[in-house]
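S.K.: model this:
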Amino acid sequence: VLFAVVSLQFVAVQTYLTKRVTHFLGKELNANITLDRIYFKPFSTLTLHNFAVVEMNGDTTIFSKKLDANLNLLDVFKNKVTVEKISLNGAYVNYQIYKDSSNFTKYIAYFSPAQPQPPSQKKKLDLKLGTIELINNTLKVQNHANAYSHPGINFSDLYITELSAHVDNIQTVSTKTSAHISKLSLKEKSGFILRELTTKASFDKQEMKFEELLIHTNQSTLRDYVAFAYQDIKDFTSFLTDVNITADLSDSYVDSRDIEYFAPSMRTVQFVTTMKRAQLTGTVADIKAQHVELQTGKETHLISNFT
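M.R.: As a prediction, the model looks like this:
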């Protein structure tokens, strides 16, 4: 075992093993899997250069220019693995959703047990993730099972570029994951730009929460708290009617041109307003607002409730 661990530090050994593994997986999964270079320092560091998964029809499913992982594997034989930091630079992920499957289905099936495993007395793997660094990544999502077209952001056909973020304090309890997100930024092909999102976020199967929130978009700034409730993540393809919003906003600036990306009908109702405070509930199509204090000019104030 010691000899094998020491051997893995040599570039020639790493290159040989990389080619053998990618060739084998490519044949197994009927895809062209390539990896230019790998660096592995036992128990502490893993770096992948130009990793790609290309389907036989020429479509790229995954590409990563560079992936760095700082690991702590000293307790791996005690079923404890700590990923102190993952940095993903120049990656491209192409996610295609069909009626009963996706382009990731075969990969999930291959690396998942085919049959339920019998109960085991062995201790489960304790995996801890510390920090995620995203730098200039691209995400493509197409839902062919629920395809539609309209102006603004089309959640059935997303193309996100320049995706960057710093994520830390990551914790998972049961089905809920929470993290601190700093300076998340991206561009969507519709023209929508997220200049910054900083928040304490939590996610589970039916809710997303964003506390201590700061959002800068093309023209607007939102602060404080926003939550999205849904029955299934697929509800975001019908965002206007199927996703319920709860928001407590303060010291925010809203330009209706940003709302148009999510509700194209707002194109006929243009406004710019400073929102001193507001509580919002409901879907975009049926929003209710309470304790609203708006300022639309130097001397124009409005305090009211809306339904």
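S.K.: list the neighbouring strands of the helix or strand harbouring V226 plus their orientation.
M.R.: Per DSSP states H and E: V226 is located in strand 221-229. Strand pairing for strand 221-229, using DSSP bridges, gives strand 207-216 (antiparallel), strand 244-255 (antiparallel).
S.K.: quick one: contacts of that strand?
M.R.: Residues outside strand 221-229 that contact it (Cβ atoms under 8 Å, 6 or more residues apart in numbering) are 206-215, 243-254. The C-beta positions use only the backbone N, C-alpha and C, and glycine is treated the same way.
S.K.: what are the buried residues along the helix or strand following it?
M.R.: For strand 221-229, the succeeding helix or strand toward the C-terminus, using DSSP H and E, is helix 239-242. Residues of helix 239-242 classed as buried under the neighbour-count rule (16 or more other Cβ atoms under 10 Å) are F239, D242.
S.K.: which secondary structure elements does helix 239-242 contact?
M.R.: strand 272-283 (3 or more Cβ pairs under 8 Å, 6 or more residues apart in numbering; DSSP states H and E).
S.K.: tell me the buried residues in whichever strand or helix holds L17?
M.R.: Element membership of L17 [criterion: DSSP H and E] is helix 11-29. Within helix 11-29, the residues scored as buried using 16+ other Cβ under 10 Å are Q14, T18, T22, G26, L29.
S.K.: how about the strands paired with strand 221-229 in CSV, adding distance to K128 and mean neighbour count?
M.R.: What follows is those, written out as CSV (distance: least, Cβ to Cβ, whole Å; neighbours: other Cβ atoms under 10 Å):
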stretch, distance to K128, mean neighbour count
strand 207-216, 22, 17
strand 244-255, 31, 17
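S.K.: S185 is nearest to which of those strands?
M.R.: strand 207-216 (8.7 Å; Cβ to Cβ).
S.K.: how many other residues sit next to N30?
M.R.: The number of residues packed near N30 is 9, by other Cβ atoms under 10 Å.
S.K.: for the closest residue to it other than its chain neighbours, grab phi and psi.
M.R.: Distance criterion Cβ to Cβ, 6 or more residues apart in numbering; nearest residue to N30, sequence neighbours excluded, is M56 at 6.1 Å. Backbone torsions of M56, given as degrees, to the nearest 10, read phi -70, psi -20.
S.K.: and the gap between M56 and S87?
M.R.: 31 Å (Cβ to Cβ, to the nearest Å).
S.K.: neighbour-wise, which of these two wins?
M.R.: S87 (16 against 9).
S.K.: quick check, that one in a helix?
M.R.: No: using DSSP: H, G, I helix; E, B strand; the rest coil, the secondary structure at S87 is strand, not a helix.
S.K.: now do stretch 62-71: distance to the chain's middle.
M.R.: Distance, stretch centre to chain centre, for stretch 62-71: 16 Å (Cα atoms, centre = their mean, to the nearest Å).
S.K.: would you single out the least confident of the strands paired with strand 221-229?
M.R.: Sorting the strands paired with strand 221-229 by mean pLDDT places strand 244-255 lowest, at a mean of 92.
S.K.: residues contacting that strand, please?
M.R.: Contacts for strand 244-255 (Cβ under 8 Å, 6+ apart): 218-230, 271-284, 287.
S.K.: by how many degrees do that strand and strand 272-283 diverge?
M.R.: 170 degrees (axes from the mean of the first three to the mean of the last three Cα atoms, to 10 degrees).
S.K.: any stretches of the protein with poor pLDDT?
M.R.: Applying pLDDT under 70 to the chain picks out residues 1-11, 42-43, 73-79, 113-127, 296-307.
S.K.: what segments of it are helices?
M.R.: Along the chain, the segments classed as helices by DSSP state H run 2-7, 11-29, 105-111, 239-242, 256-259.
S.K.: next, format these as JSON lines and append distance to I132.
M.R.: Below are the helices of the chain laid out as JSON lines (distance: least, Cβ to Cβ, whole Å):
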{"stretch": "helix 2-7", "distance to I132": "27"}
{"stretch": "helix 11-29", "distance to I132": "24"}
{"stretch": "helix 105-111", "distance to I132": "21"}
{"stretch": "helix 239-242", "distance to I132": "25"}
{"stretch": "helix 256-259", "distance to I132": "27"}
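S.K.: quick one: closest of the ones you listed to N143.
M.R.: Here helix 239-242 is closest among the helices of the chain (Cβ to Cβ), at 12.5 Å.
S.K.: give me the contact list for that closest one.
M.R.: F155, Y230, Q231, D235, F236, F262, A263, T283, V284, A285.
S.K.: can we see that at 10 Å?
M.R.: 150, 152-153, 155, 228, 230-232, 234-236, 245, 262-265, 283-286 (Cβ atoms under 10 Å, 6 or more residues apart in numbering).
S.K.: report the contact partners of the closest residue to D157 other than its chain neighbours.
M.R.: Distances taken as Cβ to Cβ, 6+ apart place Q142 nearest to D157, at 5.4 Å, with adjacent residues excluded. Residues in contact with Q142 (Cβ under 10 Å, 6+ apart) are N94, Y95, Q96, I97, Y98, S102, N103, N154, S156, D157, L158, Y159.
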